[in-house]
Each structure stands twice: as C-alpha cells, then as structure tokens.
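Engineer: would you be able to build a 3D model of this:
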Amino acid sequence: MSEQAALALQGLRVVYDSFVALDDVSFELAPGETVAVVGPSGSGKSTLLRAVAGLEPLAGGEVLAQGRSLIGVATHQRDLGLMFQDHALFPHLDVAGNIGFGLRMQQWSRARRSERIDELLDLVGLGGFGGRAVHELSGGEAQRVALARALAPEPALLMLDEPFGSLDRLLREELTGELRRLLRELGQTALHVTHDQGEAFALADRVVILRGGKVEQIGAPAELWYRPRSSFVAEFLGHANIWPVEVGADEAVTVGGQRLGLSSDLFGSGDAQAQAQAQAQAQAQVKVVVPVDAVRLEAAAAGLATGGPPSTDGAVLGDGAGSSLGVVEGGAELKVEIISSVFREGGYRIDGVMVGAPAVTVGFEAEMPLGSGDIAVVSVDLDRLHRLGN
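Structural biologist: Residues are numbered from 1 along each chain as shown. You can find the predicted model right below:
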C-alpha cells in the first residue's frame, strides 16, 4: 500500500454461502481522488461499497484508511460520509435538521452546527432553504440536501451509491457536473458506485470496471475508452466498432476479407517481444476496437443522405471528403450499409454493417442522418486500432 493512500483495498473477498460476490478486489484512492466503480448488474458494485462501509463481513482481504486497518471498526467510527439513491432524508426534520443531524450526534456546538449548515447550503446552491420541509423539495433539491448532509462532518471518505439513479437525464447531468466541481473544490476523496458509464466518466479521476466480482480493468476514463483491455470492457463501454481482423506478419490488417493496410502500432512496434508475438500471430484472427471518431464518412450515394440536396457529381460528401485517412494502396476504404441514424448533441450517430461482411458492424458520426439501406463510404485511421485481449 502506498503511504499516501486515503483508502486501500487489498484482496477483498465476500462470499454468500457458495456464491462469491467479490473476489480478490484490490485498488487504492489517493487523497482528493474520485474513483467510480461500474459494472453490469450483479458484478459486485454495491457489495464493494457495503464492504468498505463495514456493512458486509469479509471472507478475506483488508480495508485500510490512511494505513489504519478498518477490520472490526464499526461503520459510524470509519469517518465516512454516505449518500444513497433514495436520499434517506428524515421526514420529521427540516432541511437544516437533516444536514445537521450527524453534527449533533458528534456533539458539535449549536453555533458551530449553524455555521456549518449555512456554509453547506450555500455550497450546494440551496442558500435560505434551512427551514424548508423535506416534502417541499424537488428530487434535485433533495439530492443536494443529502449531499450536504454527507459532507457535513468533513468525512475522510465520501461514498456515493447510485446517487442520481432516480433522476431524469438532464438533471442527472447537471448534478454530476456540480458534484465534480464540489469534490475538487473541497479536495474530497470519494468512492462512487454507478451503473451509468457516462456519469462515471464525467465525475471520476479513475474508473474501476467490475465483472463477476473481479476487477476487469482500472484506469482514467480516456485510457479505458481508447485502450480497453478486453472485448468485455469494450462492449460494456458501448464501442460500436469491435472487429475481428486478420493480421499479417507485417501488421497489415484485413477485415471482412478486405485488406485495409498497415497499422503502425497494433502489436507495439519496436518491442522485440511484441514483434515476436506479431510474427506468431501472422494470419491469425484477433479482435480490435476502433473508436467512432477514428471512422469518418467520406461519401454517400446522391440523394440518400436525408436532409441534404443531391450533389451534382452524384455523391454527398462527408466530413472527411477528399481525405486519404486510412486509405492504403490506392483506396482501401469500407463500404457500409446503413441501419440507423440517431440524433445526438452536435450531430448524428450512424450505425451500419460492412457491405459483403454483415458480421462487421460499423459506427461513426456525421453532420446529417443517413437513411436505412443507404450505402456510405468511410475511411479508418488505422493507427487508432487497439487490439483486445480475451
């Protein structure tokens, strides 16, 4: 364990009868760091949070806070702030009473409690709400009160269990941004459990992906997105372009029977061991992930791009028109049959399949929608291919 770690989990194991809920889970949080834990249902996310809080008995492993073991330490003595999806506010207390409840249990003086409550209400944007009844609050206001209550005793670790899961998307995004700002402003260490990958990526410094009670991968959001370790991680994060490709000894890439060209670093060029691996896997099929922003629309048949007038030369050109990006040996581009176009902020997400190889799905972004059944030409930045493990 690093001496600077605010929290260290070492080989955590939780077992229910014969079911292993957590198996050898290990990672650390640095002071002031926010770590999010994500994974599919049943992966052990909430069990992990409960184990750290002392609400779940361990079959093995260690929980350390700043080097001190928490094994056998009661939950209320672990210096934790807890925030849940259902707010868990006390209906018989007003807003100020809810925020100050833990402070009263810790025997803060009345004057000190009042000062801290006012400070937190201003911090979460609810100045003047101290006398409000809980039933008068909106969902977003109730979550702000729950956050203020969790932060009130200045905990060493803030733990958040699906805090925004019951809110609508726009409010969830707003509160996620506010929470990120607050955590950084306060230098607060936080462990956040969520099923929403977007929320985790927006909030956390690092993200832990669980699968079947085990850590599948840990990393910064950008690292996980652009360099997923396995097909499971890539699929869980929502990558559209997970392609089975054939790789030659010269690292030439073939997908769906079509040679695309050379990928400069698919096996780690310059490393002797990686080169040997590349030779051993010559003509073998591996899986790669291609980010959607590495695939660009070059052209679509005239009149088939909905919302755009036919061009005079018989093609509607995309953002990458005229580019040779990813084009090798005179024009190795992919033809894609469009399946769907979905509007997203800033443009459209287009999904389709490779013409002649319908098992190869292709996703990319464009400024205009394309109709189902349309044929588009896309180019691929081969240097952005990332080889996946099992």
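Engineer: the longest helix along the chain packs against which elements?
Structural biologist: In the chain, with assignment by DSSP state H, the single longest helix is helix 169-186. Identification of packing neighbours for helix 169-186 by 3 or more CB pairs under 8 Å, 6 or more residues apart in numbering; DSSP states H and E yields helix 139-151, helix 197-203. No exception for glycine: its C-beta is placed from N, CA and C like everyone else's.
Engineer: quick one, that helix and helix 139-151 angle?
Structural biologist: Relative orientation of helix 169-186 and helix 139-151, computed by axes from the mean of the first three to the mean of the last three CA atoms, to 10 degrees: 20 degrees.
Engineer: tell me which helix or strand comes right after helix 169-186.
Structural biologist: strand 190-193 (DSSP states H and E).
Engineer: list the buried residues of that next one.
Structural biologist: Buried residues in strand 190-193, defined by neighbour count with 16 or more other CB atoms under 10 Å: 190-193.
Engineer: what stretches of the chain score poorly on pLDDT?
Structural biologist: Where the chain drops to pLDDT under 70, the residues are 1-3, 249-251, 262-284, 301-332, 390.
Engineer: what segments of it are helices?
Structural biologist: Across the chain, reading from the start of the chain, the helices by DSSP H fall at 45-53, 95-99, 101-105, 110-123, 139-151, 169-186, 197-203, 221-226, 231-236, 272-280.
Engineer: check which helices and strands the second one sits against.
Structural biologist: With contacts defined as 3+ CB pairs under 8 Å, 6+ apart, helix 95-99 has these neighbours: helix 110-123, helix 139-151.
Engineer: who touches the longest helix of the chain?
Structural biologist: Around helix 169-186, the neighbours that count as contacts under CB atoms under 8 Å, 6 or more residues apart in numbering are 32, 34, 123-125, 139-140, 143-144, 147, 151, 158, 163-164, 167, 188, 190, 196, 199, 202-203.
Engineer: so it versus helix 110-123, what angle?
Structural biologist: 130 degrees.
Engineer: could you number the chain from 455 rather than 1 from now on?
Structural biologist: I'll keep to 455 as the first residue from here, and by that count the last item is helix 623-640.
Engineer: can you give me the end-to-end distance of stretch 507-527?
Structural biologist: Terminal residues of stretch 507-527 are spaced 9 Å apart (CA to CA, to the nearest Å).
Engineer: pull the number of nearby residues for Leu657.
Structural biologist: Using other CB atoms under 10 Å, Leu657 is surrounded by 24 other residues.
Engineer: from Thr488, how far out is it?
Structural biologist: Going from Leu657 to Thr488 by CB to CB, to the nearest Å gives 6 Å.
Engineer: what's the answer for Leu637, then?
Structural biologist: Leu637 sits 5 Å away from Thr488, going by CB to CB.
Engineer: now for these two: what residues contact both?
Structural biologist: Taking CB under 8 Å, 6+ apart as the contact rule, the neighbours common to Leu637 and Thr488 are 644, 657.
Engineer: measure Thr648 to Val491 for me?
Structural biologist: Taking CB to CB as the criterion, Thr648 is separated from Val491 by 8 Å.
Engineer: overlap in contacts, those two.
Structural biologist: The overlap between the contact sets of Thr648 and Val491 (CB under 8 Å, 6+ apart) consists of 499, 654.
Engineer: which residues touch the spatially most central residue of the chain?
Structural biologist: Centrality entry for the chain: nearest residue to the mean C-alpha point is Gln651, 3.4 Å, by CA atoms, centre = their mean. The contact partners of Gln651, by CB under 8 Å, 6+ apart, come to 492, 690-692.
Engineer: restricted to strands, list the residues you listed.
Structural biologist: Residues of the contacts of Gln651 located in strands (DSSP state E): Val492.
Engineer: highest neighbour count among the contacts of Gln651?
Structural biologist: Among the contacts of Gln651, Val492 has the most neighbours (other CB under 10 Å), with 24 neighbours.
Engineer: looking at it, that residue is touching Phe655, isn't it?
Structural biologist: No: distance between Val492 and Phe655: 9.0 Å, which falls outside the contact criterion (CB atoms under 8 Å).
Engineer: overlap in contacts, the two.
Structural biologist: Taking CB under 8 Å, 6+ apart as the criterion, Val492 and Phe655 both touch Val661.
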